[in-house]
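Engineer: got a structure for you, letters missing:
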Ligand SMILES: CC(C)(COP(=O)(O)OP(=O)(O)OC[C@H]1O[C@@H](n2cnc3c(N)ncnc32)[C@H](O)[C@@H]1OP(=O)(O)O)[C@@H](O)C(=O)NCCC(=O)NCCS
Ligand SMILES: CC(C)(COP(=O)(O)OP(=O)(O)OC[C@H]1O[C@@H](n2cnc3c(N)ncnc32)[C@H](O)[C@@H]1OP(=O)(O)O)[C@@H](O)C(=O)NCCC(=O)NCCS
């Protein structure tokens, strides 16, 4: 090795590094400036839109002031404008309104919005495959516990495995809630309820951790609440598996049709998986009914049983609320879809 | 209102929206392409650097093959190159190596790296003020519990307030761990241990939730473990307050000196707050000793006490481990700093 050659090469690299750093700094600041100017234009467009909408509304109130055909056409144009602002490429540059309190609470003021549609789709696909992976565990975990209980543990659940399972549930629901919030920031149409539903489930997992798992004698009787909780969890697994199958297919159909950009699709459109939805919904309704039933059983256990634990009561109430919310939101989704 | 004017205005807005969307799409794809080309250049630079480093190393092995002065100068140049790749503006465009498993586990494959230094600094400042806000709660929460215990609750902690506190702790440590991982992705030099330390604390909070809080009779004796846990938590609050004061000042000094860009500072440099550090460290060492002491007390409680709960044993071990790790890492930080 020649010392001079090494020195020259080092100097060359240092020079190249400096140039690269300057180029990166220039790109970042230039991009930022261009983004700022687009943001300004978007904000101006938004306020124009609001102004026009209000004058259209006041015109519509005075009967005959505006032809219904004209109003319809204007509505159509304004819908397009709204689509651009809310879902177009420019949307990814605007401060997100959906960036909810939950994400801020956990992550602080960090931006999780992807600007490129490809990345947004990747996040969505990863979310789907994450749900797939967990749905199996969702079935296997509680059913193993219940099987071991009757075969090995002589009708009596030991505390540690159940608590490990509950910790896993807490982790799982927290991650689902975080990921769904991130999806929503990235332009998904997910109904807020499905996210609230996971907040409720997080709460249930937390509460169940503080729930004392009683020992012999008579534990089959005293552990009734925990058993019901496990049965509910199994059910959740079934619902998740079915829902995943449907939703993955839905995403793929949409991508295949080149409709991943939401502006191109009519809202609520099912892109050729209506058949699956008709099959899925009755099963979901049965599961939701079962969920409410287990909630009521928990409440009965609390009021009739040996000791009245507040944990059992709160979990019972949460389950009933979740069942009602799930049912109402599934119905609303179906009604919205049937309009098209 | 004139229907025609409304229609014209709607058409104008729709046209403006279309133009805006096109401009945004063009900007995003152009930026992406330019970023890609910078990434390519950075990768090439990285491999050149590796090659040169290895030939330098092999030259250094053969004695006399290279002058020590030359070697030093080359080292300096290569250090600059490394700084650009790891911390310069181009670093924010490269796939982050630090993007740890923890963030992936909670958030999925989402990018939390900010490209602009201003944003990175804002995230850091928000983290500091978050710590400030929580440090007070950290002191107030457990001390209120302990005071109420002796004044109102007659020496016997009720379960619910303690569990609420433990849930808060779990939430807090989870968010700290998430935020510190995000900081680390954004180029902070935080030692991995401080993050692991929060994983341990998360584990402790989880375990303490499953820890049964016994009632009368003799609860003062049975609740010894919980009490020690609360005392430890108070101590954490004190440590946090002191540390925050120091670290905020450190950040401000660095910003004031225009040294927020890390390339400009010598690593480990304290930027004029060495005095504070000398004051802080003895207090930290005392607190760390106290932490280990409480861990040992917990272990004694478990082995000598009425019932031997695994929760108490594991928490005791964790506290001792955390104390050792904290001590070792504080020492290493001091040693690294004293070298300059
Ligand atoms: C009813 C149902 C099948 C409708 O699904 P859908 O056709 O995808 O509904 P929408 O058209 O309203 O979906 C809009 C968006 O929300 C998402 N979404 C809908 N329901 C969701 C859910 N439960 N969880 C997460 N995301 C959901 C969709 O993926 C879609 O995302 P995108 O805009 O990024 O493509 C679905 O909501 C569902 O399975 N709900 C029942 C869940 C349940 O009750 N579980 C518990 C039973 S015990
Ligand atoms: C010893 C100590 C004061 C050194 O702080 P420092 O001078 O900032 O240390 P460094 O120079 O190594 O800091 C490097 C980076 O890590 C960060 N950092 C250091 N210690 C940290 C900690 N405990 N938590 C979070 N971040 C920390 C710094 O803010 C800095 O970030 P930056 O690169 O974004 O500016 C600090 O690590 C500390 O307070 N540790 C003790 C904590 C403890 O023992 N607590 C429990 C007692 S019971």
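Structural biologist: Received, thanks. This structure is a prediction, so every number in the text was calculated from the model and none was measured. Ligands and ions are numbered 1, 2, ... in the order given.
Engineer: contacts, neighbours, all on C-alpha from now
Structural biologist: Noted.
Engineer: who's in contact with residue A:227?
Structural biologist: Neighbour list for residue A:227: residue A:146 [criterion: CA atoms under 8 Å, 6 or more residues apart in numbering or on different chains].
Engineer: in the strand or helix carrying it, what's buried?
Structural biologist: Secondary structure from DSSP states H and E places residue A:227 in helix A:224-256. Buried positions in helix A:224-256, judged by neighbour count with 16 or more other CA atoms under 10 Å in any protein chain shown: A:224-244, A:246-248, A:250-251, A:253-254.
Engineer: I'd say residue A:46 and residue A:85 touch.
Structural biologist: Yes: proximity of residue A:46 to residue A:85 meets the contact threshold set by CA atoms under 8 Å, at 7.4 Å.
Engineer: So which of these two has more stuff around it?
Structural biologist: Per other CA atoms under 10 Å in any protein chain shown, whichever of residue A:46 and residue A:85 has more neighbours is residue A:85, with 22 against 17.
Engineer: Quickly check: the helix holding residue A:227 near ligand 1 or not.
Structural biologist: Yes: using CA under 6 Å from any ligand atom, helix A:224-256 reaches ligand 1 at A:236, A:239, A:243, A:247.
Engineer: Contact partners for the third one?
Structural biologist: If I follow you right, that is residue A:243. Residue A:243 neighbours (CA under 8 Å, 6+ apart): residue A:280.
Engineer: how near is it to residue A:236?
Structural biologist: 10 Å (CA to CA, to the nearest Å).
Engineer: and if you look at the last one?
Structural biologist: Residue A:247 sits 16 Å away from residue A:236, taking CA to CA as the criterion.
Engineer: Would you mind giving the secondary structure of residue A:143?
Structural biologist: Following DSSP: H, G, I helix; E, B strand; the rest coil, we place residue A:143 in the helix state.
Engineer: Over to residue A:212?
Structural biologist: coil.
Engineer: Any idea how many residues pack against the residue nearest to it when sequence neighbours are not counted?
Structural biologist: For residue A:212, ignoring the flanking residues on the chain, the nearest one in space by CA to CA, 6 or more residues apart in numbering or on different chains is residue B:212 at 7.1 Å. Applying other CA under 10 Å, we find 17 residues neighbouring residue B:212.
Engineer: Where does pLDDT dip in chain A?
Structural biologist: Applying pLDDT under 70 to chain A picks out residues A:1, A:63-65, A:96-99, A:213-222, A:257-273, A:305-308, A:340.
Engineer: Name the residues of it found near ligand 1, please.
Structural biologist: So chain A meets ligand 1 at A:188-191, A:194, A:236, A:239, A:243, A:247, A:268, A:284, A:287-288, A:291, A:326, A:330, A:333 (CA under 6 Å from any ligand atom).
Engineer: From the residues you listed, list the buried ones, please.
Structural biologist: Buried among the residues of chain A next to ligand 1 (16+ other CA under 10 Å): A:188, A:194, A:236, A:239, A:243, A:247, A:284, A:287-288, A:291, A:326, A:330.
Engineer: State the pair within those residues that is farthest apart.
Structural biologist: Farthest pair in those (CA to CA) is A:188 and A:291. Separation: 26.9 Å.
Engineer: tell me, how many neighbours does residue A:33 end up with?
Structural biologist: Residue A:33: 12 neighbours (other CA under 10 Å).
Engineer: That one and ligand 2, how far apart?
Structural biologist: Distance from residue A:33 to ligand 2, counting by CA to the nearest ligand atom, to the nearest Å: 26 Å.
Engineer: Report the angle between the helix or strand hosting that residue and helix B:3-61.
Structural biologist: Element membership of residue A:33 [criterion: DSSP H and E] is helix A:3-61. Per axes from the mean of the first three to the mean of the last three CA atoms, to 10 degrees, the angle that helix A:3-61 makes with helix B:3-61 is 160 degrees.
Engineer: Give the other helices and strands that the helix or strand that helix A:3-61 is followed by contacts.
Structural biologist: For helix A:3-61, the succeeding helix or strand toward the C-terminus, using DSSP H and E, is helix A:68-87. Under the contact definition 3 or more CA pairs under 8 Å, 6 or more residues apart in numbering or on different chains; DSSP states H and E, helix A:68-87 sits against helix A:3-61, helix B:3-61.
Engineer: Buried ones in helix A:68-87, by neighbour count?
Structural biologist: Of the residues in helix A:68-87, A:71, A:74-75, A:77-78, A:80-87 count as buried by neighbour count, 16+ other CA under 10 Å.
Engineer: need those in a markdown table with distance to residue B:125, can you?
Structural biologist: Converted to a markdown table, those look like this (distance: CA to CA, whole Å):
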| residue | distance to residue B:125 |
| --- | --- |
| A:71 | 50 |
| A:74 | 47 |
| A:75 | 45 |
| A:77 | 44 |
| A:78 | 41 |
| A:80 | 40 |
| A:81 | 37 |
| A:82 | 35 |
| A:83 | 35 |
| A:84 | 34 |
| A:85 | 31 |
| A:86 | 30 |
| A:87 | 31 |
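Engineer: Can you lay out those residues as a markdown table showing distance to ligand 2?
Structural biologist: What follows is the buried residues of helix A:68-87, written out as a markdown table (distance: CA to the nearest ligand atom, whole Å):
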| residue | distance to ligand 2 |
| --- | --- |
| A:71 | 56 |
| A:74 | 52 |
| A:75 | 50 |
| A:77 | 48 |
| A:78 | 46 |
| A:80 | 44 |
| A:81 | 42 |
| A:82 | 40 |
| A:83 | 40 |
| A:84 | 38 |
| A:85 | 36 |
| A:86 | 35 |
| A:87 | 35 |
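Engineer: quick one: which of these is nearest to residue B:128?
Structural biologist: Of the buried residues of helix A:68-87, the one sitting nearest to residue B:128 (CA to CA) turns out to be residue A:86, at 33.2 Å.
Engineer: How is chain A divided into domains?
Structural biologist: A:3-94, A:107-338 (automatic domain parsing).
Engineer: which non-adjacent residue is nearest the closest residue to chain B within the stretch 151-300 of chain A?
Structural biologist: Closest to chain B within the stretch 151-300 of chain A is residue A:175: 5.1 Å, counting by CA to the nearest CA. Spatially, and ignoring its direct neighbours in sequence, residue A:175 is nearest to residue B:106 (5.1 Å; CA to CA, 6+ apart).
Engineer: go on, residue A:232?
Structural biologist: Using CA to CA, 6+ apart, the closest residue to residue A:232 is residue A:291 (6.5 Å).
Engineer: Can you get me the centre-to-centre distance for the helix or strand where the one you found lies and its chain?
Structural biologist: Using DSSP H and E, the element containing residue A:291 is helix A:274-304. Its chain's C-alpha centre and that of helix A:274-304 lie 21 Å apart, by CA atoms, centre = their mean, to the nearest Å.
Engineer: phi, psi of residue A:323?
Structural biologist: The phi/psi pair for residue A:323 (degrees, to the nearest 10) reads phi -60, psi -40.
Engineer: do you know how far it is from residue A:330?
Structural biologist: Residue A:323 sits 11 Å away from residue A:330, going by CA to CA.
Engineer: Spit out the residues that contact the two alike.
Structural biologist: Joint contacts of residue A:323 and residue A:330 (CA under 8 Å, 6+ apart) do not exist.
Engineer: circling back to that earlier point, run through the residues that contact the residue nearest to residue A:175.
Structural biologist: So residue B:106 contacts A:174-175, A:178-179 (CA under 8 Å, 6+ apart).
Engineer: try residue A:310
Structural biologist: Residue A:310 sits next to residue A:302 when contact means CA under 8 Å, 6+ apart.
Engineer: rerun at 10 Å
Structural biologist: Applying CA atoms under 10 Å, 6 or more residues apart in numbering or on different chains, we find residue A:310 in contact with A:207, A:211, A:299, A:302, A:316, B:160.
Engineer: Highest neighbour count among those residues?
Structural biologist: That'd be residue A:316 among these, by other CA under 10 Å, with 27 neighbours.
Engineer: where's it, which helix or strand?
Structural biologist: Here residue A:316 sits within helix A:310-338, counting by DSSP H and E.
Engineer: Tell me what angle that helix forms with helix A:224-256.
Structural biologist: Relative orientation of helix A:310-338 versus helix A:224-256 (the same axes, to 10 degrees): 20 degrees.
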